[in-house]
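S.K.: take a look and give me a structure for this.
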Amino acid sequence: MPKDLRSFIAELEKNSPQDVARVTKPVSPRYEMSAVLTHLEKRKRFPMLIFENTENSPAPVVINAQASRRLMSMALECRSEDLAHAFIERQSKPLPPVEMINAPVHEIVKTGDEIDLNQVPLLTHYDVNAAPYITAGIVVAADPDSGVRNTSYNRLMMAGQRELRIFMAVGRHLWTLHNRLERRNEPMPIAIVIGVHPLFSLGAQALTPSDEDEYAVIGGMMNEPLRLVRAKTVPILVPADAEMIIEGQIMPNVRRLEGPFGEFTGHAVAQDQRQVIEVTAITHREKYIFQDIHAGYTEHKLMGAVPREAALLKAVRQAVSTVKNVCMPVSGNCRFHAYISIAKRTPGQAKNAICAAFAADMLLKHVIVVDDDIDVFDEERVLWAVSNRFQADRGLVVIANAQGSELDPSAGPGGVNAKMGLDATKPLTGFPPELQVPDEVMKRVRLDDLLPDFAK
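M.R.: Now for the predicted structure:
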């Protein structure tokens, strides 16, 4: 059975039912689903949410497929602290996709006047959002010269029955491909993939060179070749087991207003002129599931962290071979913060790790490097290390006027910002030891025996 969104839901409900929450009462995709998720977020609860009864739509809606490291570790079949390592392992073994003739995603095909985005349960998350958005859409495009396929998440605003408006980050692969075709005054064919297994999502976010086929990376991540089928109206092969495909083309030299939109920072980005997609077909399973990623909430922040942690781990390893682990915490939006642990061997290694991290990921603003006795996934321990092992006059690194994220509300024009690194490692000699109970006693004295109610 191929890995798809349905198989992941079934696996969760069988093996970890506490991680799935089904809402059976009617709920509107306009703000109400967001309200349910907001209540859960405030209680620090992150189950996969399935809204079975969507108002004005026959399709159920799934949110939070990747809202915790626990969910992603179940998908990757590893411990949550080993996600970046497992990601690197699978990314290193790409599997070429296979093509098929018929596919579940082509059970229903709509073209021409049959297309109506109003029939799809697009969510409106916040009162500032200008319109409903597709937030879990993975855009697939092919290099016009080499044919190499690129996958990326992009926010997509509904602007009519057959029109979407897209935000593409300047300089990223999709923007570069469109820019090349636009100079030729040619539209760029695309397919928007909605409703996939978390491993597909992780593979689609892998940081890869522009000449690597990302369908093969996704296959490696899933441990099985991705099944593809020819799209109906664009020259692109699309995932056969997705829930929905929206086909179309990004028009050359056309810009229309997009936004405002509440982004991952917890702030709205302003309205601006963006590229326009003309939708040419919608295909989906007969009883499809619509997938959403709630902007600015835990899933949105966390889902891109693992691919970027893996990329950081590889980059820092080139500078400091004794790097142990990397964490991009939700508290830092999983975009702007990174915690790195190293087995320190020479005095300058922590600063080398800081420099390598900033060089590898331009979105990073803050990097904290700690010793390998600190668990980077335990933020309390990281801050303990900062309190006890960091001195600003010798451990602080500040880089002014560097390129950052244009979505950072505190950045200057074009996303230019200041970056800060903290060396929170101990000196190699002369540092007092941390207090501890002898290991032998810790192993011998067990709460299960003495305080069973507190051992749970």
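S.K.: top helix in this structure by residue count?
M.R.: As assigned by DSSP state H, the longest helix anywhere in the chain is helix 305-319.
S.K.: quick one: the helix or strand following that one to helix 305-319, angle?
M.R.: Next along the chain after helix 305-319, taking DSSP states H and E as the criterion, comes strand 323-327. Going by axes from the mean of the first three to the mean of the last three C-alpha atoms, to 10 degrees, strand 323-327 is angled at 150 degrees with respect to helix 305-319.
S.K.: list the buried ones in strand 323-327?
M.R.: Within strand 323-327, the residues scored as buried using 16 or more other C-beta atoms under 10 Å are Val323, Lys324, Asn325, Val326, Cys327. Backbone N, C-alpha and C define where each C-beta goes, glycine included.
S.K.: make TSV from those and add distance to Arg22 and pLDDT to it.
M.R.: Below are those laid out as TSV (distance: C-beta to C-beta, whole Å; pLDDT from 0 to 100):
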residue	distance to Arg22	pLDDT
Val323	41	95
Lys324	39	95
Asn325	35	94
Val326	35	94
Cys327	31	93
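S.K.: ok, Val61 - contacts?
M.R.: Under the criterion of C-beta atoms under 8 Å, 6 or more residues apart in numbering, the neighbours of Val61 are Pro29, Met33, Ile50, Phe51, Thr54, Pro121, Leu123, Ile289, Phe290, Gln291, Asp292.
S.K.: how close does it get to Arg70?
M.R.: Distance, Val61 to Arg70, using C-beta to C-beta, to the nearest Å: 22 Å.
S.K.: again with Ala357
M.R.: 26 Å.
S.K.: those two: which is more packed in?
M.R.: Ala357 (26 against 11; other C-beta atoms under 10 Å).
S.K.: tell me the one among the buried residues of strand 323-327 nearest to Val238.
M.R.: Using C-beta to C-beta, Val326 comes nearest to Val238 of the buried residues of strand 323-327, at 33.0 Å.
S.K.: show me where the stretch 101-250 of the chain has its helices.
M.R.: Taking DSSP state H, counting those that start in this stretch as the criterion, the stretch 101-250 of the chain carries its helices at 173-183, 198-204, 214-222.
S.K.: who touches the last one?
M.R.: When you say that, I think you mean helix 214-222. Around helix 214-222, the neighbours that count as contacts under C-beta under 8 Å, 6+ apart are 3, 87, 90-97, 149-151, 197, 199-200, 202-204, 206, 208, 225-226, 228, 237.
S.K.: out of those, which are buried?
M.R.: For the contacts of helix 214-222, a neighbour count by 16+ other C-beta under 10 Å gives the buried set as 3, 87, 90-91, 94-95, 97, 149-151, 197, 199-200, 202-204, 206, 208, 225-226, 228, 237.
S.K.: among the residues you listed, which are in strands?
M.R.: If you go by DSSP state E, the buried ones among the contacts of helix 214-222 have Arg149, Asn150, Thr151, Leu228, Leu237 in strands.
S.K.: same list (those residues) but as JSON lines, adding pLDDT and distance to Ala310.
M.R.: Compiled in JSON lines, these are given as follows (pLDDT from 0 to 100; distance: C-beta to C-beta, whole Å):
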{"residue": "Arg149", "pLDDT": "92", "distance to Ala310": "20"}
{"residue": "Asn150", "pLDDT": "92", "distance to Ala310": "18"}
{"residue": "Thr151", "pLDDT": "94", "distance to Ala310": "16"}
{"residue": "Leu228", "pLDDT": "97", "distance to Ala310": "25"}
{"residue": "Leu237", "pLDDT": "97", "distance to Ala310": "26"}
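S.K.: specify which member of these is nearest to Ala75.
M.R.: Nearest to Ala75, judged by C-beta to C-beta, of these is Thr151 at 17.2 Å.
S.K.: quick one: contacts for the residue nearest to that closest one when sequence neighbours are not counted?
M.R.: Of all residues not flanking Thr151 in the chain, Ala204 sits nearest, at 4.0 Å (C-beta to C-beta, 6 or more residues apart in numbering). Residues near Ala204 by C-beta under 8 Å, 6+ apart: Ile138, Thr151, Ser152, Tyr153, Val196, Glu214, Ile218.
S.K.: and which of those is nearest to Thr176?
M.R.: Among those, Ser152 lies closest to Thr176 (C-beta to C-beta), at 11.0 Å.
S.K.: from Glu406, how far off is the closest one?
M.R.: Applying C-beta to C-beta, the value for Ser152 to Glu406 is 16 Å.
S.K.: so the two - more neighbours on which side?
M.R.: Using other C-beta under 10 Å as the criterion, Ser152 and Glu406 rank with Ser152 on top: 19 against 16.
S.K.: please name the nearest non-neighbouring residue to the more buried one.
M.R.: Among residues not flanking Ser152 along the chain, Leu174 sits closest, at 4.9 Å (C-beta to C-beta, 6+ apart).
S.K.: and for that neighbour, the neighbour number?
M.R.: Leu174 has 22 neighbours, counted by other C-beta under 10 Å.
S.K.: go on, Lys287?
M.R.: 11.
S.K.: gap between it and Pro307?
M.R.: Taken as C-beta to C-beta, the span from Lys287 to Pro307 is 31 Å.
S.K.: check which helix or strand Asn401 maps to.
M.R.: According to DSSP H and E, Asn401 maps onto strand 396-403.
S.K.: off-centre distance for that strand?
M.R.: 26 Å (C-alpha atoms, centre = their mean, to the nearest Å).
S.K.: packing partners of it?
M.R.: helix 349-360, strand 416-424 (3 or more C-beta pairs under 8 Å, 6 or more residues apart in numbering; DSSP states H and E).
S.K.: and the residue positioned nearest the centre of the chain, how far from Phe87?
M.R.: By C-alpha atoms, centre = their mean, the mean C-alpha position of the chain lies nearest to Gly304, the distance being 2.5 Å. Distance of Gly304 to Phe87, given as C-beta to C-beta: 12 Å.
S.K.: which strand residues bridge Arg274?
M.R.: Under DSSP bridges, the beta-bridge partners of Arg274 are Arg256.
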